[in-house]
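1. My questions concern the predicted model and sequence given below.
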Amino acid sequence: MSEFVAAQRPRRADAARNFDALLLAARAAFAEHGAEASLEDIARRAGVGIGTLYRNFPTRRHLFETVYANEVDDLGRVAAEVADQPPWPALTAWLRRFVEYAMTKRAIREALAGEESTVFLACLQSMYDAGTPLLLRAQQAGEVRTDMSIDDLLRMVSGITSVAYPSMEQRDRVLGIALDGVRVHR
């Protein structure tokens, strides 16, 4: 996914800053307002004009795919960053970042429901490739149940994050309860 995002990113420093600002603004807007987030609001949040948004992302779909790929790329970076931590903290740190990703993903999936996308399929594989070694290492260390796959774990966490919570604290508490059920207690 790094290559996909890098290929989209402009080379000039000012254009690259605008591109990055648009991705951050779009991620926040999609997490807050879902697929119907206003492109004008995204441009405003990024501090650029709507023309700059369209120069970087000619269609709404292009913006969705690029934000999605950027999120998955970030999941891969986080997996690499935590790989040297003990197995359980590494896995949970990655899963906590996955929760942020899931909030954005839901909005993008709503917008593109039923549409095939090679970008999304590549992102899915990249995400599984990032999380699988963390899960396997935690399982081999005897810290996580061995009767689950990365698909099981990510579906559980995705389900938890798909529910509306009155506060982030409650969402984090519910996630902690679920993760406690995944952990092997000695």
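-> Now that the structure is in, tell me what you want to look at.
2. Quick check: phi and psi at residue 49.
-> When read as degrees, to the nearest 10, the backbone of residue 49 gives phi -80, psi 160.
3. just checking, it touches residue 42?
-> No - at 11.4 Å, residue 49 and residue 42 do not qualify as touching, with contact defined as C-beta atoms under 8 Å. Bear in mind the C-beta positions are built from the backbone N, C-alpha and C, glycine included.
4. In terms of neighbours, single out the busier of those two.
-> residue 42 (26 against 13; other C-beta atoms under 10 Å).
5. all strands for this protein, in order.
-> In the chain, no segments count as strands under DSSP state E.
6. residue closest to the middle of it?
-> Taking C-alpha atoms, centre = their mean, the centroid of the chain lies closest to residue 101, which sits 2.4 Å from it.
7. Quick one: neighbours of the nearest residue to it once chain neighbours are set aside, just the number.
-> Once flanking residues are discounted, residue 101 sits nearest to residue 71: 4.7 Å by C-beta to C-beta, 6 or more residues apart in numbering. Neighbourhood size, residue 71 [other C-beta under 10 Å]: 25.
8. same question, residue 66
-> By other C-beta under 10 Å, the residues close to residue 66 number 21.
9. residues contacting the nearest residue to it once chain neighbours are set aside?
-> Nearest residue to residue 66, sequence neighbours excluded (C-beta to C-beta, 6+ apart): residue 8, at 5.4 Å. By C-beta atoms under 8 Å, 6 or more residues apart in numbering, the residues touching residue 8 are 19, 56, 66.
10. ok, back up a step: ok, now which ones touch the residue nearest to the centre of the chain?
-> 71-72, 74-75, 127.
11. Helices of the protein, start to end?
-> Remark: helices assigned in the chain by DSSP state H are 2-8, 13-33, 39-46, 50-56, 60-82, 87-111, 118-140, 150-161, 168-182.
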